[in-house]
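J.: Generate a structure from the sequence data that follows.
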Amino acid sequence: PSLFLEYNGLTTLKIQSEYAIIILLSVALLVYRGQQKKFDISVYRYIILSILFTIAAELAFTLYSNFGDFSMVLGHLLKFLSYWMIFLAIIQTSFEKPFMLLAQESSTYNAIPLPAVIVDSDGMIRQINKVTETFLNLPKEQILHHSNHILFHDKNLKASECQICKVIQSGDTLLSHELYRDPQTYYSFTISPIHLNNETTGAIQVCHDISERKLAENELKKFQTVIEQSPISIIITDIEGTIEYVNPYFENLTGYQSEEVVGKNPRLLASGLTTKDEYSRLWSHIINEGGWSGVFKNIKKSGEEYWE
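T.: So this is what the prediction gives:
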């Protein structure tokens, strides 16, 4: 259907559509007024202003007779102001004041599954979630207004020497910074500054206990050291028999460097004395039983035969 006719201006359908939008926006305005207590006051004001600007814009769009009319320009200007109010409500309020809102809605703050604390620029804890009490095994009264460094950071460092404390004081961001408080306890810290009125007022610190992962990594490093220093040849393959790793002793024994054999099949060492059927039975036994032991005569890169 036509909404605009040259020389005649807006059609009745266009005008009625604009008024229908205005009615819907007015209903939304009433709904938001009834839900005012559920919103932060700044967010509420921005949303109400956005709706009012949009209503005014729709009214302006019922008045123009050609695309150059003042009412058309005014309508788009009002639309821009409406969108700007939404920008302030969502972007400015949500990103510049996130933890003020978080503190007001403690249930939301407590939904964070990791120990999270709000720390002021002096390193004192001002806000905590429930997980923090469990994590530190301390009541709220013994955490709030106490030193963040003493409760969370490296016991062997002064606060003035602690990198995390320096980041909080400077208003910078820190991602996944790892430290250990003792040989069995490892933490990972993320620091996000809190800005209010263009000033840094503190930071939110989230702590993640990574002890289990770090201890597993340390055990893996020990295992890797044992393999690399082993006095026997070791080859690691995938289930298809493709070589993924060889240790240094293998390189010294066979003359092949790691990059020459990774991605290939161990049959490159075959001397020809072992039949395909024997190899098939060997791999079947490894897959089904989890291992195999025996002796092979293989060939080095130089062509020399050797037993293993």
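
J.: give the contact list for the nearest residue to Lys79 once chain neighbours are set aside.
T.: Excluding its sequence neighbours, the residue lying closest to Lys79 (C-beta to C-beta, 6 or more residues apart in numbering) is Ala57, at 4.7 Å. Where you see a C-beta, it was placed from the backbone N, CA and C, and this is true even at glycine. With contact set as C-beta atoms under 8 Å, 6 or more residues apart in numbering, Ala57 has these partners: Leu74, Gly75, His76, Leu78, Lys79, Ser82.

J.: Tell me which of the residues you listed fall in helices.
T.: Within the contacts of Ala57, residues falling in helices by DSSP state H are Leu74, Gly75, His76, Leu78, Lys79, Ser82.

J.: now the first one: how far from Phe61?
T.: Separation of Leu74 from Phe61 (C-beta to C-beta, to the nearest Å): 9 Å.

J.: same deal with the third one?
T.: Separation of His76 from Phe61 (C-beta to C-beta): 9 Å.

J.: more neighbours, those two?
T.: Of the pair His76 and Phe61, Phe61 is the one with more neighbours under other C-beta atoms under 10 Å, namely 22 against 13.

J.: and that one, what does it touch?
T.: When contacts are counted by C-beta under 8 Å, 6+ apart, Phe61 is found next to Glu18, Ser71, Met72, Gly75.

J.: how about a cut-off of 7 Å?
T.: Applying C-beta atoms under 7 Å, 6 or more residues apart in numbering, one finds that Phe61 lies in contact with Glu18, Gly75.

J.: The residue nearest to Lys79 and Leu88: what is the separation?
T.: Computed with C-beta to C-beta, the distance linking Ala57 and Leu88 is 17 Å.

J.: and His195, how many neighbours does it have?
T.: Here the count is done by other C-beta under 10 Å, and His195 has 16 residues near it.

J.: what's the pLDDT at Ala103?
T.: As summarised for this prediction, Ala103 has a pLDDT of 52.

J.: Please apply the same query to Met100.
T.: According to the model's per-residue confidence, Met100 sits at a pLDDT of 55.

J.: Helices of the stretch 101-250 of the chain, residue ranges please.
T.: For the stretch 101-250 of the chain, helices defined by DSSP state H, counting those that start in this stretch occupy the ranges 106-109, 130-136, 148-152, 163-170, 211-228, 248-254.

J.: Export those as a markdown table, with columns for distance to Lys264, mean neighbour count and mean pLDDT.
T.: Converted to a markdown table, those look like this (distance: least, C-beta to C-beta, whole Å; neighbours: other C-beta atoms under 10 Å; pLDDT from 0 to 100):
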| stretch | distance to Lys264 | mean neighbour count | mean pLDDT |
| --- | --- | --- | --- |
| helix 106-109 | 55 | 12 | 58 |
| helix 130-136 | 49 | 17 | 91 |
| helix 148-152 | 50 | 20 | 93 |
| helix 163-170 | 45 | 19 | 92 |
| helix 211-228 | 19 | 12 | 87 |
| helix 248-254 | 12 | 17 | 92 |
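
J.: out of those, nearest to Leu196?
T.: Taking C-beta to C-beta, helix 163-170 is the member of the helices of the stretch 101-250 of the chain nearest to Leu196, at 15.0 Å.

J.: distance between the helix or strand hosting His285 and the chain's centre?
T.: According to DSSP states H and E, His285 maps onto helix 276-289. If you compare the mean C-alpha spot of helix 276-289 with that of the full chain, they lie 44 Å apart, counting by C-alpha atoms, centre = their mean, to the nearest Å.

J.: Now do the same for that helix: mean pLDDT, whole number.
T.: Mean pLDDT, taken over the full extent of helix 276-289, equals 77.

J.: In CSV, could you pull the C-alpha coordinates for that helix?
T.: Once non-C-alpha atoms are left out, helix 276-289 reads as follows in CSV (Å, rounded to 0.1, in the frame of the first residue of the first chain):
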residue,chain,number,x,y,z
LYS,A,276,52.1,-58.0,7.8
ASP,A,277,50.1,-60.6,9.7
GLU,A,278,52.4,-60.2,12.7
TYR,A,279,52.1,-56.5,12.6
SER,A,280,48.3,-56.8,12.4
ARG,A,281,48.2,-59.1,15.4
LEU,A,282,50.5,-56.7,17.3
TRP,A,283,48.3,-53.7,16.8
SER,A,284,45.2,-55.6,17.5
HIS,A,285,46.7,-56.7,20.8
ILE,A,286,47.7,-53.2,21.7
ILE,A,287,44.2,-51.8,21.0
ASN,A,288,42.3,-54.6,22.7
GLU,A,289,44.7,-55.3,25.6
